[in-house]
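Chemist: 3D, please:
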Amino acid sequence: MHSIQLALWAVATLVLVALMFDFMNGFHDAANSIATVVSTGVLKPQQAVAFAAAFNVIAYFIFHLKVAATVGKGTIDPNIVDHYVIFGALVGAIGWNIVTWHYGIPSSSSHALIGGLVGAALAKSGWGSLNMDGLLKTVAFIFISPLLGFVLGSFFMLLVSWMYFRTPPSRVDRRFRRLQLVSAGLYSLGHGGNDAQKTIGIIWMLLIGTGYVSSMAEAPPVWVIGGCYLSMGLGTLFGGWRIVRTMGQKITKLKPVGGFCAETGGAITLFLASILGIPVSTTHTITGAIVGVGATQKFSAVRWGVAGNIVWAWILTIPASAALAAAGWWFGHRFL
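Modeler: Numbers count the residues shown, from 1 in each chain. Got it, this is the predicted structure:
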């Protein structure tokens with residue numbers, strides 16, 4: 001009886017830690033959906049985070065749980081999952097998020113979580129515990145999502161420039177201030193539809209691995225879904241202003257029309273990835289779109305040094321979070 005109570009306590013604690021990660025994900029990635037709206041002056045920071053948080057939660061009613069299924073069953077072998085593996089994965093993801101938040105680097109919470117799962121699985125069972133098909137799709141989209149964001153952001157910027165070639169700049173600015181609210185809402189919707197599902201997937205994996213949910217279940221419990229979306233919405237509500245400055249001001253100078261094009265290109269990329277069930281980085285996506293918008297105006301308008309630092313953070317995220325996760329698994333297995 002004592003061991004059962006202890007196991008239940010461990011699972012409940014890890015669920016709370018996972019929800020804390022989801023909160024931090026919203027906190028860390030708030031910049032993705034609101035940086036352009038804030039930097040162009042369309043909304044004040046407090047208005048923008050409330051706006052983004054609302055659309056993050058609304059995503060619950062729109063998107064299927066394909067991304068959650070990929071994370072829960074398509075990254076590592078479900079048979080090796082126990083509370084030590086999940087503990088290690090969360091240590092790796094949260095630890096890397098704290099480091100990048102502290103330095104204002106817009107890295108990927110999504111890939112930190114994937115790296116955490118990989119590191120903990122390797123520490124426990126070696127390379128055979130990895131689901132290479134699911135992981136290769138995720139790794140491929142590290143490059144595909146920012147590239148697609150870049151292409152779509154550039155395309156929309158060129159299209160709008162052609163359509164409004166003879167329109168006075170002041171009228172264009174007024175029109176796209178209103179339209180940017182639409183594009184920001186769509187991007188926040190895509191963020192909620194893709195990112196919240198990753199934490200749903202890891203809690204689902206934990207409940208299956210510990211026997212509290214059947215591996216044959218087609219969907220996780222409703223309380224898991226609702227708790228994750230609510231945690232992400234609350235995290236977004238608190239925002240991450242260091243990263244907002246990097247995303248919205250340091251990469252390139254944006255006007256409302258540029259913000260609209262970047263958010264629209266990013267939103268389309270996220271919708272596509274969520275439909276395909278691929279966990280992508282909202283950070284990578286919007287960064288690629290912002291760079292694409294800046295490059296169409298003037299190649300030198302993009303601060304390539306800042307963009308380069310962000311790319312290095314992307315490259316390091318999975319191995320760094322995996323290393324932290326392996327250490328977390330070892331500590332948990334040894335002392336907890």
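Chemist: where does the stretch 51-200 of the chain dip in pLDDT?
Modeler: 106 (pLDDT under 70).
Chemist: can you give me the helices in it?
Modeler: 66-73, 83-102, 109-125, 132-163, 169-209 (DSSP state H, counting those that start in this stretch).
Chemist: which of the ones you listed is buried the deepest?
Modeler: Across the helices of the stretch 51-200 of the chain, averaging neighbours per residue (mean count of other C-beta atoms under 10 Å) puts helix 109-125 on top, at a mean of 27. To be clear about C-beta, it is placed using only N, CA and C from the backbone, and glycine gets the same treatment.
Chemist: centre of the chain to it, how far?
Modeler: 16 Å (C-alpha atoms, centre = their mean, to the nearest Å).
Chemist: helices or strands next to it in the packing?
Modeler: helix 2-39, helix 66-73, helix 83-102, helix 132-163, helix 169-209, helix 304-335 (3 or more C-beta pairs under 8 Å, 6 or more residues apart in numbering; DSSP states H and E).
Chemist: in CSV, list the helices of the stretch 51-200 of the chain along with distance to residue 45.
Modeler: Output for the helices of the stretch 51-200 of the chain, formatted as CSV (distance: least, C-beta to C-beta, whole Å):
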stretch, distance to residue 45
helix 66-73, 28
helix 83-102, 17
helix 109-125, 20
helix 132-163, 23
helix 169-209, 13
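Chemist: for residue 290, find the nearest of these.
Modeler: helix 132-163 (6.9 Å; C-beta to C-beta).
Chemist: report all helices and strands that that closest one contacts.
Modeler: Counting by 3+ C-beta pairs under 8 Å, 6+ apart, helix 132-163 packs on helix 66-73, helix 109-125, helix 256-276, helix 282-297.
Chemist: now with 7 Å?
Modeler: The contact analysis (3 or more C-beta pairs under 7 Å, 6 or more residues apart in numbering; DSSP states H and E) places helix 132-163 against helix 256-276, helix 282-297.
Chemist: what mean pLDDT does the last one have?
Modeler: When you say that, I think you mean helix 282-297. Mean pLDDT, helix 282-297: 83.
Chemist: keeping just the C-alphas, turn that helix into CSV.
Modeler: C-alpha atoms of helix 282-297 as CSV (Å, rounded to 0.1, in the frame of the first residue of the first chain):
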residue,chain,number,x,y,z
THR,A,282,7.0,28.3,-33.0
THR,A,283,10.2,30.3,-32.3
HIS,A,284,12.0,29.0,-35.4
THR,A,285,8.9,29.6,-37.5
ILE,A,286,8.3,33.3,-36.6
THR,A,287,12.0,34.1,-36.6
GLY,A,288,12.2,32.8,-40.2
ALA,A,289,9.2,34.8,-41.2
ILE,A,290,10.5,38.0,-39.6
VAL,A,291,13.9,37.5,-41.4
GLY,A,292,12.1,36.9,-44.7
VAL,A,293,10.1,40.1,-44.3
GLY,A,294,13.2,42.1,-43.4
ALA,A,295,15.2,40.7,-46.3
THR,A,296,12.6,41.6,-48.9
GLN,A,297,12.8,45.3,-47.9
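Chemist: between helix 304-335 and it, find me the angle.
Modeler: 170 degrees (axes from the mean of the first three to the mean of the last three C-alpha atoms, to 10 degrees).
Chemist: among the helices of the stretch 51-200 of the chain, which is nearest residue 289?
Modeler: Residue 289 lies closest to helix 132-163 among the helices of the stretch 51-200 of the chain, at 3.5 Å (C-beta to C-beta).
Chemist: distance from stretch 86-106 to the middle of the chain?
Modeler: The answer for stretch 86-106 is 12 Å, by C-alpha atoms, centre = their mean.
Chemist: just stretch 216-225 next, same as before
Modeler: With C-alpha atoms, centre = their mean, you get 21 Å for stretch 216-225.
Chemist: check which residues of that stretch are buried.
Modeler: Across stretch 216-225, burial judged by 16 or more other C-beta atoms under 10 Å covers 220, 224-225.
Chemist: hang on, the earlier thing: most tightly surrounded among the helices and strands packed on helix 132-163?
Modeler: Across the helices and strands packed on helix 132-163, averaging neighbours per residue (mean count of other C-beta under 10 Å) puts helix 282-297 on top, at a mean of 28.
Chemist: now for that helix, which elements pack on it?
Modeler: Going by 3+ C-beta pairs under 7 Å, 6+ apart, helix 282-297 lies up against helix 2-39, helix 132-163, helix 169-209, helix 256-276, helix 304-335.
Chemist: now the helices and strands packed on helix 132-163 in JSON lines, with distance to residue 78?
Modeler: Converted to JSON lines, the helices and strands packed on helix 132-163 look like this (distance: least, C-beta to C-beta, whole Å):
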{"stretch": "helix 256-276", "distance to residue 78": "21"}
{"stretch": "helix 282-297", "distance to residue 78": "26"}
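Chemist: of these, which is nearest residue 150?
Modeler: helix 282-297 (3.8 Å).
Chemist: what angle sits between that closest one and helix 132-163?
Modeler: 30 degrees.
Chemist: how about CSV for the helices and strands packed on helix 282-297, with distance to residue 216 added?
Modeler: Output for these, formatted as CSV (distance: least, C-beta to C-beta, whole Å):
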stretch, distance to residue 216
helix 2-39, 19
helix 132-163, 19
helix 169-209, 9
helix 256-276, 24
helix 304-335, 27
